[in-house]
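# Fold the following, please.
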Amino acid sequence: DIVDNEQRRRRAVTPGRPSGWGGFGRAAALTLLNDDTASPASRRLAAHPKALPTRPAGLLPWAAGLRLDVSSRRRLPLPLLALSLLVVSCQGEPADLAETTDRSELEETSALAPAPIDPPAAPGAMAPNLAVVGERLAATWLEPIVVAGSPEHRLRFARLGKAGWSEPVSIAQGPDFFANWADFPSLVEAGDGTLYAHWLAKTAEDTYAYSIFLARSDDQGASWRPLGQLNRDQTPTEHGFVALVPEADGARAFWLDGREMVDGAPMTLRSARIEDPGGAEQLLDSRVCECCATDAAATDEGPILVYRDRSQDEVRDVSVVRGTASGWTEPLAVHRDGWQINGCPVNGPAVVASENRAAVAWFTAAGGVSRVHVAFSDDSGASFGAPIVVDEGSVLGRVDLALDAEGAAWMSWVSNRSENAEILVQRISHEGAVGEPRLVAKTSAARASGFPILQNVQGKMFIAWVDVGEDRSASRIRVQEL
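So this is what the prediction gives:
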């Protein structure tokens with residue numbers, strides 16, 4: 001009942017009518033948008049009552065997000081067939097099962113004094129992200145709306161000033177948005193003050209046919225104009241998990257690109273400058289994890305990109321690629337965790353940098369123990385120190401990072417050590433001193449709760465997350481100053 005790899009390969013080459021911003025069909029849009037937390041595999045399973053459950057007994061808290069290996073055509077041996085019960089989709093509901101590690105010793109976790117400054121997002125909003133625009137905090141998010149009786153989404157933008165949030169502006173809107181809990185829009189301010197935003201939209205009727213679209217603002221976000229599609233191929237395959245990094249006169253994008261999957265090859269990692277029609281796309285890694293987010297930052301020596309790699313024997317550790325004066329480096333493991341897993345855990349890394357210093361955070365379950373790590377670099381990511389274990393045991397992951405003025409890393413992640421999941425924040429000095437974990441908010445382990453986002457703005461630390469609530473249609477975007 002799971003869609004096997006050969007079936008998916010055939011689906012990937014199903015011809016579809018490219019539509020750019022919209023128009024592949026209202027019925028297909030309804031299927032996509034009715035449940036903005038459901039994955040393609042989840043929707044297929046829902047269509048077959050005898051399909052495998054998404055919450056099997058024995059599932060670790062983080063594991064229900066796993067996605068099956070989609071490029072190998074091998075049939076799974078019996079031991080891995082048992083694992084396949086766990087690897088149904090990128091968005092299945094996580095299990096409500098306690099792990100074996102006892103986390104009672106962390107009962108002293110302190111709660112942060114609340115300073116909520118929620119953005120003007122409509123009920124049901126999802127996929128928040130934070131950025132710095134004109135030395136002020138900016139937020140983007142997706143809102144579901146109904147137009148002429150049909151569901152659509154719009155990408156919204158607002159900035160925080162002394163008097164509060166600005167009136168939200170729509171960057172883009174349409175029925176073909178690919179609205180996803182783990183693969184969400186982003187925004188970056190280039191060195192010349194230009195703003196660029198990205199989102200995902202369907203380009204054909206196949207579930208996995210979507211591309212990356214861009215918009216530009218020359219007035220600090222007051223108005224936006226579309227730039228069209230970022231990826232230059234027209235294959236009806238997956239393109240997403242974008243990381244944007246500023247450059248002096250523009251911006252650069254990194255993304256996961258599924259064009260080779262048409263022929264049964266793995267997911268690839270690519271890069272290109274935005275608004276550079278004469279420039280070429282760069283292939284940075286020809287085999288990567290299919291649906292773990294990428295992240296990028298600017299160092300003195302050039303951009304640094306982190307992502308979950310994928311070896312021939314299914315080790316999926318975090319790697320780094322750097323842009324230097326002599327070109328792109330070969331992928332280098334931040335640390336060899338040795339996490340061998342035949343599926344994507346939907347749990348990407350995070351990176352921040354200032355001058356030649358960088359920090360990377362990531363989740364791993366190597367050795368059967370869930371952990372979140374952070375590691376520091378003093379040479380723009382050419383090498384990293386030993387990883388620091390920030391939390392382990394009942395850990396869901398979903399990490400993010402921000403640097404403070406002293407070069408310390410503030411790390412956020414989601415823990416599952418209590419009846420409800422928790423969003424935690426911890427400060428780790430560059431020398432490796434780990435502070436006390438601080439509770440930001442209770443949350444849900446469901447995929448609808450998304451990924452918390454950290455951002456440092458002029459020495460003030462902010463965090464954004466989705467407050468799912470009892471009714472997901474009434475979910476709210478929360479922002480808090482730490």
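# which residues sit in contact with the residue nearest the centre of the chain?
Centroid-nearest residue in the chain, with CA atoms, centre = their mean: Ala293, separated by 4.0 Å. Ala293 is in contact with 182-183, 241, 243, 307, 348-349, 451, counting by CB atoms under 8 Å, 6 or more residues apart in numbering. In this view, the C-beta of every residue, glycine as well, is placed from N, C-alpha and C.
# cool, His153 as well?
Per CB under 8 Å, 6+ apart, neighbours of His153: 33, 36, 142-145, 173-174, 177, 179.
# Just give the nearest non-adjacent residue to it, would you?
Excluding the flanking residues, the one nearest His153 by CB to CB, 6 or more residues apart in numbering is Phe177, at 3.8 Å.
# so Lys202 bridges to which residues?
Tyr210 (DSSP bridges).
# Please apply the same query to Val457.
Lys460.
# Look at it and say how many residues are nearby.
When neighbours are counted by other CB atoms under 10 Å, Val457 registers 18.
# now do Gly393
Gly393 has 19 nearby residues by other CB under 10 Å.
# Then Lys162?
If we define neighbours as other CB under 10 Å, then Lys162 has 5 of them.
# Helix or strand: which one has Val372?
strand 371-377 (DSSP states H and E).
# For that strand, which strands pair with it and how are they oriented?
strand 357-364 (antiparallel), strand 388-392 (antiparallel).
# Could you dump those strands into TSV and include mean neighbour count, mean pLDDT and distance to Ser380?
Supplementary listing: the strands paired with strand 371-377 in TSV, determined by neighbours: other CB atoms under 10 Å; pLDDT from 0 to 100; distance: least, CB to CB, whole Å:
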stretch	mean neighbour count	mean pLDDT	distance to Ser380
strand 357-364	27	98	6
strand 388-392	18	96	19
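# Make a markdown table out of those strands and add distance to Arg322.
Below are the strands paired with strand 371-377 laid out as a markdown table (distance: least, CB to CB, whole Å):
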| stretch | distance to Arg322 |
| --- | --- |
| strand 357-364 | 10 |
| strand 388-392 | 22 |
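# Indicate which one of those is closest to Ala127.
strand 357-364 (19.5 Å; CB to CB).
# Tell me the confidence at Pro116?
In this model, Pro116 is scored at 75, pLDDT.
# quick one: the helices in this structure?
Counting by DSSP state H, the chain has helices at residues 5-12, 26-33, 40-46, 78-84.
# In strands only, show me the contacts of Ala293.
241, 243, 307 (DSSP state E).
# which residue sits closest to the second one, ignoring its sequence neighbours?
When you say that, I think you mean Ala243. Ala296 (3.9 Å).
# give me the number of residues near the one you found?
Ala296 has 23 nearby residues by other CB under 10 Å.
# With Gln234 instead?
For Gln234, using other CB under 10 Å, the count is 13.
# Against Thr268, how distant is it?
16 Å (CB to CB, to the nearest Å).
# what pairs with the nearest residue to Gln282 once chain neighbours are set aside across the strands?
In space, and not counting its chain neighbours, Gln282 is closest to Ser271: 4.7 Å by CB to CB, 6+ apart. Taking DSSP bridges as the rule, Ser271 bridges to Phe254, Gln282.
# Just the buried residues of stretch 373-383, please?
373-377, 380-382 (16 or more other CB atoms under 10 Å).
# Out of these, which is nearest to His430?
Taking those together and measuring to His430 by CB to CB, the closest member is Phe376, at 5.7 Å.
# Isn't that closest one up against Arg357?
Yes. Contact criterion CB atoms under 8 Å: Phe376 and Arg357 qualify, at 7.1 Å.
# so where's the stretch 1-150 of the chain uncertain?
The stretch 1-150 of the chain contains residues with pLDDT under 70 at 1-115.
# So for Tyr208, what's the pLDDT?
Note on Tyr208: pLDDT of 86.
# Skip the chain neighbours and tell me the closest residue to it.
Glu238 (5.0 Å).
# ok, that neighbour touching Ile212?
No. The pair Glu238 and Ile212 fails to qualify as a contact (CB under 8 Å) at a distance of 10.2 Å.
# Between those two, point out the one with more neighbours.
Taking neighbours as other CB under 10 Å, Glu238 and Ile212 compare with Glu238 leading, 27 against 21.
# hang on, the earlier thing: between the contacts of His153, which has the most around it?
Phe177 (29 neighbours).
# which residues does it contact?
Here Phe177 is in contact with 32-33, 142, 152-153, 155, 199-202 (CB under 8 Å, 6+ apart).
# re earlier: please report phi then psi for the residue nearest to the centre of the chain.
Main-chain dihedrals, Ala293, degrees, to the nearest 10: phi -60, psi 150.
# what ranges do the strands span in the stretch 51-200 of the chain?
For the stretch 51-200 of the chain, strands defined by DSSP state E, counting those that start in this stretch occupy the ranges 67-68, 110-111, 126-133, 136-147, 150-161, 164-165, 169-174, 186-189, 195-202.
# Now Gly459: closest residue in space that isn't a chain neighbour?
Ala405 (5.7 Å).
# That neighbour contacts Lys460, correct?
No. Using CB under 8 Å, Ala405 is not in contact with Lys460; the gap is 10.5 Å.
# Looking at the two now, which is surrounded by more residues?
In this view Ala405 and Lys460 are compared by other CB under 10 Å, and Lys460 has more residues nearby, 12 against 9.
# so that one sits right up against Glu481, yeah?
Yes. Lys460 lies in contact with Glu481 (CB under 8 Å); the separation is 5.9 Å.
# Not counting its own residues, what contacts stretch 323-333?
Contacts for stretch 323-333 (CB under 8 Å, 6+ apart): 252, 271, 282, 284-285, 301-305, 309, 317-322, 382.
# Mind doing that once more with 10 Å?
245, 247, 252, 254, 269, 271, 282-288, 296, 298-299, 301-305, 307, 309, 311, 315, 317-322, 380-384 (CB atoms under 10 Å, 6 or more residues apart in numbering).
# buried set for it?
Here stretch 323-333 shows 323, 328-329, 331 as buried, counting by 16+ other CB under 10 Å.
# closest to Pro120 among these?
Gly323 (36.7 Å).
# Can you tell me who the closest one pairs with across the strands?
Under the criterion used (DSSP bridges), Gly323 bridges to Trp328.
# which residues sit in contact with the residue nearest to Leu227 when sequence neighbours are not counted?
Spatially, and ignoring its direct neighbours in sequence, Leu227 is nearest to Leu214 (4.1 Å; CB to CB, 6+ apart). The contact partners of Leu214, taken as CB under 10 Å, 6+ apart, are 171-172, 196-199, 224-230, 242, 244, 251, 253, 274-275.
# one more time with 8 Å
196-198, 226-230, 253, 274.
# now, which of those residues sits nearest Ile117?
Nearest member of these to Ile117, counting by CB to CB, is Ala197, at 21.3 Å.
# what are the phi and psi values for Glu330?
Dihedral angles for Glu330 - degrees, to the nearest 10 - are phi -70, psi 150.
# What confidence value was assigned to the residue nearest to Gly459?
pLDDT at Ala405 comes out at 91.
# any idea how far Arg232 is from it?
In terms of CB to CB, Ala405 sits 40 Å off from Arg232.
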